[in-house]
Every structure is written in structure tokens, then in C-alpha cells.
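Q: Here is a sequence together with a model predicted from it:
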Amino acid sequence: MLAEQQMWRYRLHKVFTKGILYVGLLAGAALMMLPFVWMLTSSIKAPEEITLRTIQWLPKAAQWQNYKIAWEAAPFNVYFKNSFLIAITVMGLDVVFSSLAAYAFAKLNFFGKNFLFLLFLGTMMIPGEVMLIPNYITMVNLGWVDTYAALIVPWTVSVFSIFLLRQFFLSIPHELFEAAVLDGCSRFKYLIQIMVPLSKPALVTVALFKFIGSWNSFLWVLIMTNTPTMRTIPVGLTYFVSDVGSYYNYLMAASTFAMAPILLLFLLLQKQFIQGIARTGLKG
Amino acid sequence: MRSRKLVLLALVFCLALSSTALAQTQITFWHAMSGELGNAIDYLTAEFNAQNPDIVVESIYQGRYGDLNTKLVASLSARTTPTIAQVYENWTDSFFRHGVIAPLSHHMDLSDEEFNNYIEVFRGMNTWDGELYTIPYNKSNWVLFYNADLIPNPPQTIEEFLQISKDITAQTKGETKGFGIRPTLELFHAFLYVNGGDFLDEDLNVTFNSQEGKEALELMIGMLEDESALLIDGYENEAFGDNMIAMYIGSSAGMPHVENSVGDKFQFSTAPIPAGVRPGAPFMGTNIALFDSATAEQKAAAGRFVKFITNTDNTVYFAIKTGYLPVTYSGLNSAEYQQFLADNPHKAAVANLDAFEYGYWQPTIAAWEEARSAIGIAVERVFLGEPMDIVLDEAQMLVEEAIDEMLSQRY
């Protein structure tokens, strides 16, 4: 009898704490969702509704044509094609190069390894804007202005990716490496067959960061290109913003379709992404 | 014999091909016009290209003004400047001091009549070294936007303006404040100028840290204190459309946005900025500059292009499509534009002919970028409640430093 009562109390306690936890999480989720909900509802508002200072969540009548108008305001089909092409290529190449470099920094011994790594990290301290004009001159000298090369090649190596992967690689026990080498495994084979499968979460994280970074990149694309056919989605988003006012409803509609691919990618890969962040100690 | 004929034919063909290719002059025009403006300039460019088979103009959108400036600076370092570009006056001054622009009007084959047809205020804003270096293109002015349902007769003087602002707040029990204040350099300039002051004098001495300047700031702060005005962040047209304010002073270029935010909620109109000790109409917007790196052919082609897009028909076309002003007297007085104003009475103040008589503009010096930022921050600090004297003294020091640095640099 007593045991049964205790059991009940235990269960009640568990339900209660879980309940609180879920309510808390739901509230957090709702808070995070708020800007997205706002974006979605704003994207179908009429112009005079969107600038209201008092909060109005839903439009009186949904203006679905905002999407059509936004889509036609700039050559978005070309921008999408370019954004995909560039983001996927950059992502793929960066994962390859970064894992090679990170492997060297994490598992191999060579002269000046730590110095080189610090030098790499040091470059992260220089803001990109400072490098913009020198980089532009380099691109001009290479004859790459207004080509995909300028939009892809400089971004295929990222110190941040190398750093993230190195940290992850370091967490893989060195004994595994020694055992594999003892069994006659080459260093490269070890990377491909053991490290890479073990590091899937970290690789996915690097890939996602890179994809998002490339997808959102604005100033670089604008400076390095001159023809609309070479440009990407963020350039298209500026069409709705000016110094004297903004077309928020169209901007929100365009932002919605601009971020859809990223959202999809995240939903597909979220398990690995969260693992990657959690295990490399990079969060918050 | 036959083969000889063939060779000859091929030669003639090649020559014909190369000569058309040679005769075509390519020029590039970098600008920051998107949306309606972008469509209008693309249309005019296409028209020009169709009418001038020997010239190919490529109009390229380079982001917003800040982005365009960055891109121009980068292209100057890499020697990849466009033929012509949209520029603000202080950029022009910097380019002029570096000797990288050429006087565009020299390449436009302008008769005296055509030269004088450009509105005088705009010529003033575009003159360096006594020459019309750049050509005005999208010019706007600052006007008073007012809710015509609440205010049937807009104020003409500062006294009337203050009274109406108070009345509106009282009348609506504070729900709608009379005036909207966004603490910007431009608004400060508007009140400073009609109070007889300005930012700098002709010799580049600071004049805003003066009785006139302090009175202008005190006037605005006083309006906030007696609640006849509302402090606004963000675009004024939003608070205006939302009935939070009944008047604001802003750029005529924002007209489409005002129309959007107001919708059918009420009638609105525009009037000149109320006059203080003197009237004043601030003019702004950008101009077109020609880079000296262009070849002689390109310069001539650019001249023809700019002459084309600012001719009477086209300046009117652009003005009607975008809400900017025609840049010539003939455009302003054209039947088409006058009809447009008659059809849209709420835009009448924008092209008010008197305004051109007492038009003024912000300093056009290279150091202005830095100076305006210092003054802008000072205005914000005053509105945050910091002591005006100290803030203005500090701003004066920063502006003087920027100007000294500009003058001491040897180009």
C-alpha cells in the first residue's frame, strides 16, 4: 500500500516535472518561432498594414500576389541558380580542404605545426571588410572579376572550418590511429575510412555553416560582379530597401523564399548539426 | 580566279564585321537605383542604345549608395572604374581632389541655352572649380508632409507650425501628435537653415555651433516636452500613415512609401518647410560623374548618354515614374509634368517653383562624410538629454579636425 502510494507520488512528480519542462520548451520554441511567424504573416500584408505601429498579427486579406511581385522585382530565378551553384560548390570544396588541413593539424606531426595553426587562427581576427579592397585588386589582377571563380575559389578554404574540425578530430582517441597504422592503414586511408565516418556530425556542421555563409554572402558578390546574371539572392533582397523607405511586405515575401532552402537543409540535417555543435564545445 | 574572289569576299566580310565592332563604343554606368528607379533607368538605357547603334551603354545596379561607394573606391584602387557613375556631392569632391573625374559637361556639347536649362540650384551643387563637373540626376527636396484631413491649411511660418502642432495634439487628446521628430542631421539642418544658420560658411568655418543652431535644437526639444511632437525612430512615413503624427519633414523621394503607408486612411499633401527668419528648401540626391580613365570616345559617348537621359522628355519620364524632380527648367515647365502635378496635387510642393529660388544643400566637401556623422551623433546625443553646449563643442572640434585633415592632404 505504502509502496503503491510512493509509486504514485513518484509518477505524479515525474509527470509534473516533465510538464514544466515541456511548457518551458514550448514557450522557448514559440519565442524562437515568433520572428518567422511575423515574417510569414507580414509577407502577405497590404502596404498600409505592414507599417502599422500597433501590432497586427494577421492581414485583413491575404495578399498572395506579394510573392509574385517580389519574385518579379529582380531576376530571382537567375539568383537562385547562382546561389545554389556557388553555395554547394563552396560547401563541398571547403569540407574536403578543411578536413584535410584539420587532419594534419590534429593527427600529424610536422615542423611548425602549432605556429602555423596559430597563424591560421590569427587571420580570423582580421575583419573581412578590411580585406575587401586588397582582395578586389587581387581578383582584378587574376582576371576573375565577374566570374564564378571569384565567387567560389576564395571561399573554399575557411579557417573556422579547419578549427572546428580539428577540435573534433582531437576528440577521437589517438589509440585508434596507432592501431590502424599498426594494421597497415595509410594516413590518408585512415582519414577517409575512419575519421570521416566518425566525424559526420562535425562535417555536417561545417557544411551547414559554409552553406549558410555562402547563401547569405552579399558584399563580396556585389563587389566582385558586374552583371546581374552573376549575382545571388542577397543582392536581390536589396531591391526592396532604400534610404527613404522600404517595401517590407515584398521584402518579407522575398526573404521567405530566400530562406526556404536553408530551412529545409537544416530540418534534414538537424540531428547531426546539433551533435556537431554539442561535441565540439561550440555553442551559445 | 574564283578562289581570289572568295578571299576578297571574306576580306570584305571581315572588315565589315570588325568595323562595326570597332565603331561601337562601350560604356558602363554604375548606379544604386533599384525597383521603380531601376526599371526607369533600364528603360531609358535601352531607348538610348536603340537610337544610337554606335554606342552600347550598360547600366549596372551596384547595391545601395554605401555599396556603390565601396565599389567605386575599390575600382579606383584597381583601376577598373566605370565610365560614369551615380555620385553624391561629397564623393565628387573626393574624386575631384584625387583628380580622377573629368568635367562631364565638357563632353556633352551643351549650348548656353542647354547649359542654363539645368536648374540653377542643381548646377550649384554640381560645380567644381567653376565647371559643371557632374550632372544632376535624381534630385529630391525636403518638404512638409501633412495630414490634410486634420490640417486643411498647412503652416507657412514656424509660429503657425508650432501652433498647429499644439492644436493637433490637444484636439486628438494626444493620440496624434502634431509633428514627428526623427533626430537626424537633415531635420536639424531644416530648422537651422530657416533660423538663419547653416552647417559651414563659405570658408568652411563651423557655423552650426551658434545661437541659430542652439535655437533650432531647442525648438525641437521644446516640442517634445510640450508633447506637440513625437520622437520617432525608423522611417517617419510609418508613424505618419499610422496616424501617430500629423506632420513630418522628409524627402520627396519617399513619396511612394508615404502613399503606401497612408493608403486610404486619410488624405495627405505636401507643403514647403515653414519659413522662419528666412524660407528654405533643402535639395538632395545624386548626380552623374565621368571618370577620367575613360577614352575620348567613351567620354563623348557618356556625354551623349547623359544628355539623352536628362533631355526634357526623359527627365520628365524619370520624374513621373520615380517621384524625383525634373532636372531642367524645360522639364519642370513641360505640359506633361505640369499635368502630372495637377493630377497629383499632393506632390505639388515637391516641385514648387519658389523652392528653387531659396534652395540650399549640405556641404559638398570630401570631409563631409566624416563631418556629417559627427553632427548626426551630436544631434542624437542632444535628444538623449546630454548638455547641448558640450555636445556641440565636441562636434565642432570633430568637424574642424575632419576639414583640416582634408585640406592638409596633398593629392
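A: Received, thanks. As the structure is a computational prediction, the values presented were derived from the model and not from experiment.
Q: quick check, the helix or strand of chain A with the lowest mean pLDDT touching chain B?
A: Ranking every helix and strand in chain A by mean pLDDT, DSSP states H and E puts helix A:47-50 at the bottom, with a mean of 82. Yes: figure legend: helix A:47-50 in contact with chain B (C-beta under 8 Å from any C-beta of the partner chain); contacting residues A:Pro47, A:Glu48. (C-beta placed from N, C-alpha, C; glycine too.)
Q: In CSV, list the C-alpha atoms belonging to that helix.
A: Taking C-alpha atoms only, helix A:47-50 is exported to CSV below (Å, rounded to 0.1, in the frame of the first residue of the first chain):
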residue,chain,number,x,y,z
PRO,A,47,1.4,48.1,-47.8
GLU,A,48,-0.6,50.2,-45.3
GLU,A,49,-0.9,47.3,-42.9
ILE,A,50,2.8,46.5,-42.7
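Q: continuing past it, what's the next helix or strand?
A: Going down the chain from helix A:47-50, the next helix or strand is helix A:65-73, by DSSP states H and E.
Q: Which positions in that next one come out as buried?
A: Within helix A:65-73, the residues that count as buried by 16 or more other C-beta atoms under 10 Å in any protein chain shown are A:Asn66, A:Tyr67, A:Ala70, A:Trp71, A:Ala73.
Q: A:Leu263: neighbour count?
A: 11 (other C-beta atoms under 10 Å in any protein chain shown).
Q: right, I mislabeled it, should have said A:Leu2
A: 6.
Q: Equivalent analysis for A:Thr229, please.
A: 12.
Q: re earlier: will you turn the buried residues of helix A:65-73 into a markdown table that also has pLDDT and distance to B:Ser251?
A: Below are the buried residues of helix A:65-73 laid out as a markdown table (pLDDT from 0 to 100; distance: C-beta to C-beta, whole Å):
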| residue | pLDDT | distance to B:Ser251 |
| --- | --- | --- |
| A:Asn66 | 94 | 25 |
| A:Tyr67 | 95 | 29 |
| A:Ala70 | 93 | 24 |
| A:Trp71 | 93 | 28 |
| A:Ala73 | 88 | 22 |
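Q: now the most centrally placed residue in chain B, what's its secondary structure?
A: When chain B is reduced to its mean C-alpha position, the closest residue under C-alpha atoms, centre = their mean turns out to be B:Gly285, at 0.7 Å. Look at B:Gly285: counting by DSSP: H, G, I helix; E, B strand; the rest coil, its state is strand.
Q: Just give the nearest non-adjacent residue to it, would you?
A: Nearest non-adjacent residue to B:Gly285, counting by C-beta to C-beta, 6 or more residues apart in numbering or on different chains: B:Lys139, 4.0 Å away.
Q: show me the contacts for that neighbour.
A: With contact taken as C-beta atoms under 8 Å, 6 or more residues apart in numbering or on different chains, B:Lys139 is in contact with B:Ile119, B:Phe122, B:Phe283, B:Met284, B:Gly285, B:Thr286, B:Tyr324, B:Leu325, B:Val327.
Q: Most neighbours among those, which one is it?
A: Most surrounded of those: other C-beta under 10 Å gives B:Leu325, at 28 neighbours.
Q: pretty sure that residue is touching B:Asn352, no?
A: No: using C-beta atoms under 8 Å, B:Leu325 is not in contact with B:Asn352; the gap is 10.3 Å.
Q: Name the nearest residue to A:Leu170, ignoring sequence neighbours.
A: Nearest non-adjacent residue to A:Leu170 (C-beta to C-beta, 6+ apart): A:Ala106, at 5.0 Å.
Q: Count the residues that sit near residue 182.
A: This is for chain A. A:Leu182: 8 neighbours (other C-beta under 10 Å).
Q: actually it's chain B I care about, not the one you picked
A: B:Arg182 has 19 nearby residues by other C-beta under 10 Å.
Q: can you check the one 4 residues further on too?
A: Using other C-beta under 10 Å as the criterion, B:Glu186 is surrounded by 17 other residues.
Q: That one: what's it in contact with?
A: Per C-beta under 8 Å, 6+ apart, neighbours of B:Glu186: B:Trp142, B:Ser251, B:Pro282, B:Met284.
Q: Drop the exposed ones from those and show what's left.
A: Members of these classed as buried by 16+ other C-beta under 10 Å are B:Trp142, B:Ser251, B:Pro282, B:Met284.
Q: filter those down to the ones close to chain A.
A: Answer for those near chain A (C-beta under 8 Å from any C-beta): B:Ser251.
Q: was I right about B:Leu230 contacting B:Ile181?
A: Yes: B:Leu230 is in contact with B:Ile181 according to C-beta under 8 Å; the separation is 7.0 Å.
Q: can I assume B:Val57 sits in a helix?
A: No: counting by three-state DSSP, B:Val57 is located in no helix; its state is strand.
Q: For stretch B:72-81, list the C-alpha coordinates in PDB.
A: Below are the C-alpha coordinates for stretch B:72-81, written out as PDB (Å, rounded to 0.1, in the frame of the first residue of the first chain):
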ATOM      1  CA  LEU B  72      33.800  52.800 -56.600                       C
ATOM      2  CA  VAL B  73      36.600  53.200 -54.100                       C
ATOM      3  CA  ALA B  74      37.700  49.600 -54.800                       C
ATOM      4  CA  SER B  75      37.500  50.100 -58.500                       C
ATOM      5  CA  LEU B  76      39.600  53.300 -58.300                       C
ATOM      6  CA  SER B  77      42.400  51.300 -56.500                       C
ATOM      7  CA  ALA B  78      42.200  48.500 -59.000                       C
ATOM      8  CA  ARG B  79      41.900  51.000 -62.000                       C
ATOM      9  CA  THR B  80      38.600  49.400 -63.100                       C
ATOM     10  CA  THR B  81      36.400  52.400 -62.800                       C
END
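Q: Give me the mean pLDDT for that stretch.
A: In this model, stretch B:72-81 has a mean pLDDT of 92.
Q: Tell me, how many residues neighbour A:Ser255?
A: A:Ser255 has 20 nearby residues by other C-beta under 10 Å.
Q: now the one 4 residues further on
A: Neighbourhood size, A:Met259 [other C-beta under 10 Å]: 17.
Q: Same check on A:Ile137?
A: A:Ile137 - counted by other C-beta under 10 Å - has 16 other residues nearby.
Q: Who are the contact partners of the residue of the stretch 301-411 of chain B found nearest chain A?
A: The nearest approach of the stretch 301-411 of chain B to chain A comes at B:Gly323, 9.2 Å away (C-beta to the nearest C-beta). For B:Gly323, the contact set (C-beta under 8 Å, 6+ apart) comprises B:Ser140, B:Ser252, B:Ala253, B:Gly254, B:Met255, B:Pro256, B:Lys347, B:Val350.
Q: If you drop the residues flanking it in sequence, what lies closest to it?
A: Using C-beta to C-beta, 6+ apart, the closest residue to B:Gly323 is B:Met255 (4.1 Å).
Q: Roughly how far does the residue nearest to A:Leu170 sit from chain B?
A: 37 Å (C-beta to the nearest C-beta, to the nearest Å).
Q: ok, that residue - contacts?
A: Applying C-beta under 8 Å, 6+ apart, the residues contacting A:Ala106 are A:Leu165, A:Arg166, A:Phe169, A:Leu170.
Q: Please identify which helix or strand holds the first one.
A: Following DSSP H and E, the helix or strand that holds A:Leu165 is helix A:159-170.
Q: Could you list every helix and strand in contact with that helix?
A: Under the contact criterion of 3 or more C-beta pairs under 8 Å, 6 or more residues apart in numbering or on different chains; DSSP states H and E, helix A:159-170 touches helix A:76-107, helix A:113-123, helix A:200-216.
Q: Comparing those, which comes out most buried?
A: helix A:200-216 (a mean of 21; mean count of other C-beta atoms under 10 Å in any protein chain shown).
Q: the inter-axis angle of that helix versus helix A:76-107?
A: 140 degrees (axes from the mean of the first three to the mean of the last three C-alpha atoms, to 10 degrees).
Q: Output the below-cut-off pLDDT ranges for the chain.
A: Answering for chain A, as no chain was given. Scanning chain A with the threshold set as pLDDT under 70 gives A:1, A:276-284.
Q: wrong one, chain B
A: Using pLDDT under 70, the flagged stretches of chain B are B:1-22, B:410-411.
Q: Keeping just the C-alphas, turn the longest strand along it into CSV.
A: When chain B is parsed with DSSP state E, its longest strand is strand B:135-147. Extracted in CSV, the C-alpha atoms of strand B:135-147 (Å, rounded to 0.1, in the frame of the first residue of the first chain):
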residue,chain,number,x,y,z
ILE,B,135,25.3,66.4,-64.0
PRO,B,136,22.3,66.4,-61.6
TYR,B,137,20.2,63.3,-62.0
ASN,B,138,18.0,62.0,-59.2
LYS,B,139,17.3,65.1,-57.2
SER,B,140,14.8,65.5,-54.4
ASN,B,141,13.9,68.1,-51.9
TRP,B,142,12.7,68.0,-48.4
VAL,B,143,9.1,69.1,-47.8
LEU,B,144,6.5,69.1,-45.1
PHE,B,145,4.2,66.1,-45.3
TYR,B,146,0.8,66.8,-43.6
ASN,B,147,-2.4,65.0,-42.9
